[in-house]
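# show me how the following folds:
(chains A, B, C and D)
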Amino acid sequence: MSVFITSLVLWLLLTKFTYSELLAGVIVSILVALTLRKYHGIKYDWKLLWRFIYYVFAYLPVFVVEMIKANFDVAARVLNPKLPLNPGFVEIKTDLKGEASKLFLANSITLTPGTLSIDAKGERLFIHWIDVKSMENKEKYISQRFEKLLKGVFE
Amino acid sequence: MIAIFFVLIGIGVILSFIRVIIGPTSSDRVAALDTMNVMLTGLIVVLAYVFNRSIYLDIALVYALLSFLETIVISRYLEGRK
Amino acid sequence: MSANVIIGDILIAIGAFFYFLGGLGILRMPDVYNRLQAGTKATTLGTFSTVIGVGISKPEFLIKALIIVAFVAMTNPVGSSVLARASYLSGVKPCDCTKVDEYKGGGEE
Amino acid sequence: MRRLYAILVGAGLVYMLFAFLGTISPYGNVNLSDRVSAHFLAKDVNSVDASKWVSGDKQIPSKMKVFGKKGFEDGSANVVTSIVVNYRSFDTLGEVTVLFASAVGVGLILGGTRRMRYGRKPNFILRVSTGILLPLIILFGVYIFVHGHLTPGGGFPGGTVIAAAVLLLYLSNEEFSLNMVVSKSLEGSMGSLYVIFGLIGLAVGGAFLFNFLPNGVVGSLFSAGVVPLVYMTIGLKVGSELSGVVAEIHEEREG
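Numbering: from 1, shown residues only, chains lettered A, B, ... in the order given. Predicted coordinates:
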């Protein structure tokens, strides 16, 4: 059902709106949803609209600001002739339970300053950190900004 | 004005292509190739803007999809080797 | 030349600059993981900026431009993290400046 | 039943060959301006002002606004598509046959019964993101071949995108294996449906894949007569065929 809604919305975004397009979109979306009923990862529930609003207005601005900061960080490192690096592989714990929220957390970590998520096993995330500041309170530097917001969105 | 974009993107593509050629391990080459593919996707979108053809955007989408698939396939091959 | 075209051109110029930085980072960094860091971040923001700039300059491209941005934002971090894990597991050594390594042996207890 | 069907299709093809050979004029005597008209060449997916097109000594009238016109020669907004499906349909039939032969060859050499495993478990990040991306990729493939007469693309690229989605599923899921019965029967039925469309065109208009449906308004979805139907069959056939090839590569024999 949720696959059907997503497919229909994507179809209408890809094409210009006419009634024949709407008809073809409904047919194709039903077929896709029936074919993939075992192998999809999209699930909606009744709080969809609220989640979407929360995602757009609370999560996206923080994410975009962090990404721009990350790029100026990369620019400063790359353009510096001495290449200041202090990398290391660290392991952090996360409180998030759902699969989609952990995926978004990993993607956000990859796109924010100096960190690249490598693997996830259970509650543990493995991260390559370009500038290891301290071994205590790693979560404070890496993931705490997003965890609260993503908990609001997905759980 | 448009020429500046093409010069900058072209220098980026050439730099990452140098890494594709000299990269010491195959992981280096795949990483540089992935970066280069994303750059070429952006280049196709800019070409769509310059030539004023909306159909090039579909081509950019297919290119992004195929470059993602290429990275995944080579990564699975590399990590399966012990 | 109207206002949205100027804004779009500035955004495309910023994106092209970040593409250049991504290529430079790929070339200069010492090992695979640092190269992936530079390449992924710079090209993702470059794609955001370029494609949204094109969408602002030509409003009829905006919807497909947003689809491309969403697709790149989903796939690019996934691809680079899968590649980083693969190169770690296949035995590529990190560079000598690496301080700590808590991921020995693929994270298994 | 199956033999009867094969005999019917074969007889139709033989009849078509003889009927077609009689209508070919000798080499060098074909009047090309009857076949590929200036109107046909001037169709452009962007609906530009086509006043600059010259074919032979005939200048096309300017202000050719093709979009929105009814009952135009072929009705498809994409020149390549109408050439490939309407004017050169034997070529497409040959391409489909070549692909079928190669798929049969891969199945003979590599087919097996057991799902091959990779050395390592798939990554968590890859598995979850594939679950989210998969419906969108398959929908995009279907979009490419349904809109083959309006935008670039058509049956072969759309089918390839669908096969790419199946490959992604194979790489990220250790348990998944394609249902070969569904794949093979879809492939066979779509392939013969393509030939049947061609034979209906032969019966109605006297040429293989003659356009026997109304043309409609240029630029809308239900237009261009038989072209979207043919591209849907070709797209589903190529998609299931290449998915079958991917599945057979991922299988191994016992022992």
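# what's the nearest residue to the spatially most central residue of chain B if we skip its chain neighbours?
Among the residues of chain B, residue B:37 comes closest to the average C-alpha position under CA atoms, centre = their mean, at 1.0 Å. Excluding its sequence neighbours, the residue lying closest to residue B:37 (CB to CB, 6 or more residues apart in numbering or on different chains) is residue B:67, at 3.4 Å. Every C-beta, even on glycine, is put in place using the N, C-alpha and C of the backbone.
# report the contact partners of the spatially most central residue of chain C.
Note on chain C: the residue nearest the mean C-alpha position is residue C:40, at 2.7 Å, using CA atoms, centre = their mean. Counting by CB atoms under 8 Å, 6 or more residues apart in numbering or on different chains, residue C:40 makes contact with A:110-111, A:116, B:35, C:76-77, C:80.
# same thing but at 7 Å, please
A:110, C:76-77, C:80 (CB atoms under 7 Å, 6 or more residues apart in numbering or on different chains).
# follow-up on the earlier one: what is the strand or helix carrying the residue nearest to the centre of chain B packed up against?
Element membership of residue B:37, judged by DSSP states H and E, is helix B:26-51. Under the contact criterion of 3 or more CB pairs under 7 Å, 6 or more residues apart in numbering or on different chains; DSSP states H and E, helix B:26-51 touches helix B:2-22, helix B:56-80, helix C:3-28, helix C:32-57, helix C:62-89.
# quick check: buried residues in it?
For helix B:26-51, a neighbour-count test (16 or more other CB atoms under 10 Å in any protein chain shown) marks B:27-46, B:48-49 as buried.
# that helix - what's its average pLDDT?
The pLDDT scores in helix B:26-51 average 86.
# the inter-axis angle of it versus helix C:32-57?
10 degrees (axes from the mean of the first three to the mean of the last three CA atoms, to 10 degrees).
# ok, which stretches of the chain are strands?
I went with chain A, as the question did not name one. Per DSSP state E, chain A carries strands over the ranges A:88-93, A:115-121, A:124-129.
# switch to chain D, please.
Under DSSP E, chain D gives strands at D:54-55, D:58-59, D:114-115, D:251-252.
# contacts only, for the closest residue in space to residue C:73 that isn't next to it in sequence.
In this structure, residue C:73 finds its nearest non-sequential neighbour in residue C:44, 6.7 Å apart by CB to CB, 6+ apart. When contacts are counted by CB under 7 Å, 6+ apart, residue C:44 touches A:111, C:72-73, C:76.
# top of those residues by neighbour count?
residue C:76 (28 neighbours; other CB atoms under 10 Å in any protein chain shown).
# for the stretch 1-150 of chain D, give me the ranges with low pLDDT.
Where the stretch 1-150 of chain D drops to pLDDT under 70, the residues are D:20-79, D:86-87, D:111, D:118-120.
# and with 80 instead?
Within the stretch 1-150 of chain D, the ranges that satisfy pLDDT under 80 run D:1, D:16-92, D:110-128, D:131, D:147-150.
# for chain A, what is the nearest residue in it?
Of all residues in the stretch 1-150 of chain D, residue D:131 sits closest to chain A, at 2.5 Å by CB to the nearest CB.
# give me the neighbour count for that residue.
21.
# next: residue A:82.
By other CB under 10 Å, the residues close to residue A:82 number 6.
# can you give me the end-to-end distance of stretch A:93-103?
In stretch A:93-103, first residue to last residue: 14 Å (CA to CA, to the nearest Å).
# okay, buried residues for it please.
Of the residues in stretch A:93-103, A:94, A:96, A:99-103 count as buried by neighbour count, 16+ other CB under 10 Å.
# filter these down to the ones in helices?
A:99-103 (DSSP state H).
# pLDDT for those - can I get that in a markdown table?
Listed next are those as a markdown table, based on pLDDT from 0 to 100:
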| residue | pLDDT |
| --- | --- |
| A:99 | 72 |
| A:100 | 73 |
| A:101 | 75 |
| A:102 | 77 |
| A:103 | 78 |
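# which of those residues lies closest to residue D:112?
Relative to residue D:112, the closest of these is residue A:99; by CB to CB it sits at 32.0 Å.
# that closest one and residue A:106, how far apart?
Using CB to CB, to the nearest Å, residue A:99 is found at 11 Å from residue A:106.
# what stretches of the chain score poorly on pLDDT?
No chain specified, so I'll use chain A. Residue ranges of chain A with pLDDT under 80: A:1-26, A:28-59, A:70, A:74-75, A:77-155.
# right idea, wrong chain: chain C
Chain C contains residues with pLDDT under 80 at C:1-3, C:28-33, C:60, C:88-109.
# chain D contacts on that one?
C:74, C:78, C:81-82, C:85, C:89 (CB under 7 Å from any CB of the partner chain).
# try 8 Å this time
In this structure, chain C approaches chain D at residues C:71, C:74-75, C:78, C:81-82, C:85, C:89, judged by CB under 8 Å from any CB of the partner chain.
# cool, chain A as well?
Applying CB under 8 Å from any CB, one finds that chain A approaches chain D through A:3, A:6-7, A:10-11, A:14-15, A:18, A:20-21, A:24, A:28-29, A:31-33, A:35-36, A:39-42, A:99-100, A:102-103, A:106, A:117, A:119-121.
# narrow those residues to those in helices?
Filtering the residues of chain A next to chain D for helices - DSSP H - leaves A:3, A:6-7, A:10-11, A:14, A:20-21, A:24, A:28-29, A:31-33, A:35, A:99-100, A:102-103, A:106.
# residues contacting the residue lying closest to residue D:143 once chain neighbours are set aside?
In space, not counting the residues next to it along the chain, residue D:143 is nearest to residue A:14; the distance is 5.5 Å by CB to CB, 6+ apart. Shown in contact with residue A:14 (CB under 8 Å, 6+ apart): C:64, C:67, D:140, D:143.
# in JSON lines, list these along with neighbour count.
Listed next are those as JSON lines, based on neighbours: other CB atoms under 10 Å in any protein chain shown:
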{"residue": "C:64", "neighbour count": "23"}
{"residue": "C:67", "neighbour count": "18"}
{"residue": "D:140", "neighbour count": "24"}
{"residue": "D:143", "neighbour count": "23"}
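# which one of those residues is nearest residue C:30?
Distance to residue C:30, by CB to CB, is smallest for residue C:67 among these, at 36.5 Å.
# residue contacts, that closest one?
A:10, A:13-14, B:61.
# let me see the contact set for residue D:232.
Shown in contact with residue D:232 (CB under 8 Å, 6+ apart): D:145-146, D:155.
# just send these back as TSV, with distance to residue C:15 too.
Shown next, in TSV, are the contacts of residue D:232 (distance: CB to CB, whole Å):
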residue	distance to residue C:15
D:145	32
D:146	32
D:155	35
